[in-house]
Each structure stands twice: as structure tokens, then as C-alpha cells.
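Engineer: quick one, what's the 3D model for this:
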Amino acid sequence: MFVFLLQVRDTLTNGRVYLFTIFVMLVWVVWLRRVQLSRRYRPFEGDVSLTTSVIIPVVDEPEELFDEVLRRIVAQEPDEVIVVINGPRNEPLEQICERFDRVIWRWTEIPGKRNALRVGVETMLGDIAVLVDSDTIWTADTLPELLKPFADERVGGVTTRQNILAQERHVLTRWADWMESVRNEYSMPAMSVLGTVGCLPGRTIAFRRQVLVDAMPSFLAERFLGIFLEVSDDRTLTNEALKQGYRTVYQSTSVVYTDAPTNWKKMAKQQLRWARGSQYNTARMLPWMLRHARTLAFFYICDIVLPFLLLCTISGWMFRATQYESPDIYGAFVHHYGRGLALVLMIGLSVVMSTASSAVRQSRHLKRRPDDLLRLPAFILISTFFLMPIRLLGFTRMGHNSGWGTRAGGYSGERARNPLAALPYAIAVVAVVLGTVLPS
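Structural biologist: As a prediction, this is how the structure comes out:
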């Protein structure tokens, strides 16, 4: 933030425009727009009388966890619960299913979550399909609250408020909880107000049955840059609901809990999977969004552009450092304090001001968890040096094969050469080159 202010002063004085200035301004514009919209958000109320079918695709889960997942779901009395075991047979999970009266299970030898969802949709009898990840824990009123938005016939899909289980376990679970909280407090309610939640996260989501029936042919055959992609099934189904003319919304009173990795490698794999899925879906859905949901298009374009702006900025700084070029925006500061003290002060001011600006943008989360204020510098570092590179890597790998998650026995992706996969890499290289020649 300190560098941003110095650059703004130079822009006003000399007319130079910096990439980092654009980056910071765009971050604030996105946040302000989300704040403006989310203030209008209210959860749906009222009663609805619709039959429900819960569909749970599963490959493998710890038996105690899976038993708890089913127990909590059955306690809320959906009309049926359909567990679809895909890939290898899993007799322990089959036996757990048979303990519950409302639960039926199906097995398909074809691995992959999309095929498992197809089996579930073909089996279901309810008006509403509730799709649940096999490690997601429901709270007391998850199902009745999730159904309330369907009283509006324009609503085709609904998602829940998703929190992290035992977030105090590790710095990564605290960071993941922070990320979920920011999404719950800003982006989800903002998009819900417009009826265009761009991705209904798949831990627990509900669709009208007909939405899934109509979406299934394209859902099972979706290709991007010439390759079939299994990832991002939730975003794909959300796209289909929107294209069918339905509203997609967020119900903050329907709460679920999910686990998060405490291992850096596993967290990186999870975030990479999400980054790839989100960005290829943005590319596929962009023409529709520009015609029908321009605010949504703006948010998703910024999600892709911001990491590239930061990459260009850093690559520009590194290039100029190798050329021994020093931006004159620091000249007066260095002249007044001397090089050593100026460097210490600039680093200190940058940390303090970046933390303060982030605290403003995360104020709703900090109201819920005020002790996270002390962790904000760590969260900023993780988001900048861990998440941002993963999002860039996810962009470059949009056209690569991919499986479902990290579970053994799950779908492992196609095995084929794909020349079109080089296209995102070319775009990334151009961005780095631009970063070395444009003011940053």
C-alpha cells in the first residue's frame, strides 16, 4: 500500500501509470462493488413443500466420518439418500449405507464424479437434488434452510454457507477458514442479490431435478481446448442452471462444515484443481456472462487478471533490479533518511499499511474472528506467495488432463496429447514480457 501511494503521487505529478497501481485500484473496486451489492442481501424465508433426494458420490472415506455424514443427513429426513460408489467396490461403505433406512447405494465401475452424479440423477425421485460431498458435515437445519429459496420458481440452484472444521488446528486451516469467511461475507451474497452466483460450491448444493436432467448430456461430454475435463463439476452445473434461465442463489442460514488440508502439498493440489476449474469455466462461460450477467463477468475477469497484474509487476521489478534501474519515486525518501534506514522504514510501512488496508476489506470476517487481526500478515503472505502462483499455474494448465481430487481409485483423466494446451502458456509468457517493459 505504501508503494501504491508513492506511485499515485508520481502519477499525479508526472503522468506515469504503474501496473501495481492498477492492481491495487482493481482490488478495491472489486471489493467496493461487492460491499455495495452484499448490503442488500437477505436470506430467503418461508416454507416450501418439495420432495428431496440427497446424492452423495464417494470413492473412499474414513468409515467413522462417512457414518457421521450419513447420520446427520438422515436425521433431517430427506425423502431419499442415494450414495453412489464409483471406481473400486468399497464394502465397508456399502455396509454403512445399509444401516440407514432412507439410504440406498449404487455402484458404478466407471470412476469419476460426473458419472456418479449421472447415476444419482437417473435414480432419484425427488423434486430437488441435493448434491453432497462425502466428507461434508451438516448442521441442525441445513436441509430445511437450503430448500427455502425454491419457493421462488425462478430459482434453479442454491448453495450453503460453508465453514472449516476445527479451523484452529493449523495455519492452513485458519487461512482456509478466512478464505471461506470472506467469500461468505462478500462475494456470495453480492452475486446472490443479482441471482447470478457464478459457482455454487459443491460441498452441499441443491438443484431442481429438471435442471440436472437437461444439463446431463453436455455435463458428461464437456470439452475445453479439445480435452475432456472432469474437474469443476459444481461450476459446470451452475453454468447450466444459469444458461437455462434460472437464478442461482446463496442461503446463509444453511450451514455446513468441511475439512481442509493441513499439509502444504495437499492444499496446493486442492487449490490448483480449483484454480484450473474456475478459470476454464470462466473462459467457456464468458460470452454468456457478457450478454446476460456483466457484473459476474467483471468479477471473474478480475479473478484471472489480478494474478497476472501482480506477476507483471514482480517480473518488472526483478528485471529493473538486474539492470540497476531504481524508480525515482523512492528518491526523496532515500535522500531524506539514507539508504539503510529508508529501506527499513519502507518495508515496515509497507507491512503496516498493507495489513491495515486488508483489515478494512476483511472487516466482516474480523468482526466474527477478531483474533485473526494478528494473523492477517501471515494470511496476506500465504495468499500472495502461495495462492497467487497456484492460480497462475492453474491458468497455464487449463487444457491439461485432470482427475477427480486426490483420492486413490478416482478418475485419473484422459491420456492424450493436446497441442492446444500450449495456448495458456503462451498468454502467460506474453504477460511476463509485458511486465519487463511496462512501468510497474
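
Engineer: alpha carbons only for contacts and neighbour counts from here, please
Structural biologist: Fine.

Engineer: which residue is nearest the centroid of this protein?
Structural biologist: By C-alpha atoms, centre = their mean, the chain has its centre lying nearest to residue 274, at 6.2 Å.

Engineer: next, count neighbours for the residue nearest to it when sequence neighbours are not counted.
Structural biologist: Once flanking residues are discounted, residue 274 sits nearest to residue 232: 6.9 Å by C-alpha to C-alpha, 6 or more residues apart in numbering. Using other C-alpha atoms under 10 Å, residue 232 has 23 neighbouring residues.

Engineer: and the helix or strand harbouring residue 5, what's its mean pLDDT?
Structural biologist: In this assignment (DSSP states H and E), residue 5 forms part of helix 2-14. Taken as a whole, helix 2-14 has a mean pLDDT of 75.

Engineer: in the helix or strand following it, what's buried?
Structural biologist: Per DSSP H and E, the first helix or strand lying C-terminal to helix 2-14 is helix 19-38. Judged by neighbour count using 16 or more other C-alpha atoms under 10 Å, the buried positions of helix 19-38 are 19, 20, 21, 22, 23, 26, 30, 31, 34, 35, 37, 38.

Engineer: ok, residue 309 touching residue 24?
Structural biologist: No. Taking contacts as C-alpha atoms under 8 Å, residue 309 lies outside contact range of residue 24: 9.6 Å.

Engineer: name the residues that touch whichever strand or helix holds residue 218?
Structural biologist: Per DSSP H and E: residue 218 is located in helix 209-221. Applying C-alpha atoms under 8 Å, 6 or more residues apart in numbering, the contact partners of helix 209-221 are 114-115, 118, 121, 126-129, 156, 228, 233, 236-237, 240-241, 244.

Engineer: list buried residues within the residues you listed.
Structural biologist: Buried members of these, counted by 16+ other C-alpha under 10 Å: 114-115, 118, 121, 126-129, 156, 228, 233, 236-237, 240-241.

Engineer: picking that back up, got the CA positions of the helix holding residue 218 in CSV?
Structural biologist: Provided in CSV are the C-alpha atoms of helix 209-221 (Å, rounded to 0.1, in the frame of the first residue of the first chain):
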residue,chain,number,x,y,z
ARG,A,209,-34.2,-32.1,-10.8
GLN,A,210,-35.1,-30.9,-14.3
VAL,A,211,-32.0,-28.6,-14.3
LEU,A,212,-29.8,-31.6,-13.9
VAL,A,213,-31.7,-33.8,-16.3
ASP,A,214,-31.5,-31.2,-19.0
ALA,A,215,-27.8,-30.4,-18.3
MET,A,216,-26.6,-34.0,-18.2
PRO,A,217,-25.7,-34.5,-21.9
SER,A,218,-23.4,-31.5,-22.0
PHE,A,219,-22.2,-32.1,-18.5
LEU,A,220,-20.9,-35.6,-19.4
ALA,A,221,-19.3,-34.5,-22.7
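
Engineer: how about the contacts made by residue 281?
Structural biologist: Contacts for residue 281 were tallied using C-alpha under 8 Å, 6+ apart; they are 232, 235, 236.

Engineer: next, residue 249: secondary structure please.
Structural biologist: strand (DSSP: H, G, I helix; E, B strand; the rest coil).

Engineer: out of the contacts of helix 209-221, which is nearest to residue 432?
Structural biologist: Taking C-alpha to C-alpha as the measure, residue 432 sits nearest to residue 228 out of the contacts of helix 209-221, at 28.8 Å.

Engineer: residue 222 is in contact with that closest one, correct?
Structural biologist: Yes. Counting by C-alpha under 8 Å, residue 222 is a contact partner of residue 228 at 5.9 Å.

Engineer: and stretch 145-157, how far apart are its ends?
Structural biologist: Stretch 145-157 has an end-to-end distance of 13 Å (criterion: C-alpha to C-alpha, to the nearest Å).

Engineer: list the buried residues for it?
Structural biologist: 145, 146, 147, 148, 149, 150, 155, 156, 157.

Engineer: residues contacting that stretch, please?
Structural biologist: With contacts defined as C-alpha under 8 Å, 6+ apart, stretch 145-157 is touched by 44-48, 50, 158-160, 195, 200, 205-208, 211, 238, 241, 245-249, 251, 253-254.

Engineer: I'd assumed residue 364 was in a helix, is it?
Structural biologist: Yes. Assigned with three-state DSSP, residue 364 falls within a helix.

Engineer: pLDDT score for the residue lying closest to it once chain neighbours are set aside?
Structural biologist: Residue nearest to residue 364 in three dimensions, not counting chain neighbours: residue 185, with 6.6 Å by C-alpha to C-alpha, 6+ apart. Per-residue pLDDT puts residue 185 at 96.

Engineer: not counting sequence-adjacent ones, nearest residue to residue 286?
Structural biologist: Closest residue to residue 286 apart from its sequence neighbours, by C-alpha to C-alpha, 6+ apart: residue 297 at 6.5 Å.

Engineer: number of nearby residues for that neighbour?
Structural biologist: Residues near residue 297, counting by other C-alpha under 10 Å: 20.

Engineer: chain center to the helix or strand encompassing it: distance?
Structural biologist: Per DSSP H and E: residue 297 is located in helix 294-322. Helix 294-322 has its C-alpha centroid displaced from the chain centroid by 18 Å (C-alpha atoms, centre = their mean, to the nearest Å).

Engineer: now it against helix 19-38, angle please.
Structural biologist: Angle, helix 294-322 to helix 19-38, by axes from the mean of the first three to the mean of the last three C-alpha atoms, to 10 degrees: 160 degrees.

Engineer: give me the pLDDT for residue 202.
Structural biologist: At residue 202, pLDDT is 87.

Engineer: hang on, the earlier thing: dihedrals phi and psi, the residue nearest to residue 364?
Structural biologist: Note on residue 185: backbone dihedrals following degrees, to the nearest 10 are phi -90, psi -20.

Engineer: quick one: it from residue 177, how far?
Structural biologist: Residue 185 is 12 Å from residue 177, by C-alpha to C-alpha.

Engineer: what's the answer for residue 228, then?
Structural biologist: 32 Å.

Engineer: what ranges do the strands span in the stretch 251-400 of the chain?
Structural biologist: For the stretch 251-400 of the chain, applying DSSP state E, counting those that start in this stretch gives no strands.

Engineer: what do you get for the stretch 1-150 of the chain?
Structural biologist: Using DSSP E, counting those that start in this stretch, strands in the stretch 1-150 of the chain cover 52-58, 80-86, 103-108, 128-132, 137-138.

Engineer: can you tell which of those strands is closest to residue 354?
Structural biologist: Residue 354 sits nearest to strand 137-138 of all the strands of the stretch 1-150 of the chain, at 35.3 Å, using C-alpha to C-alpha.

Engineer: so what strands line up beside that closest one?
Structural biologist: Sheet pairing of strand 137-138 (DSSP bridges) gives strand 247-258 (antiparallel).

Engineer: how distant is the strand it pairs with from the center of its chain?
Structural biologist: 14 Å.
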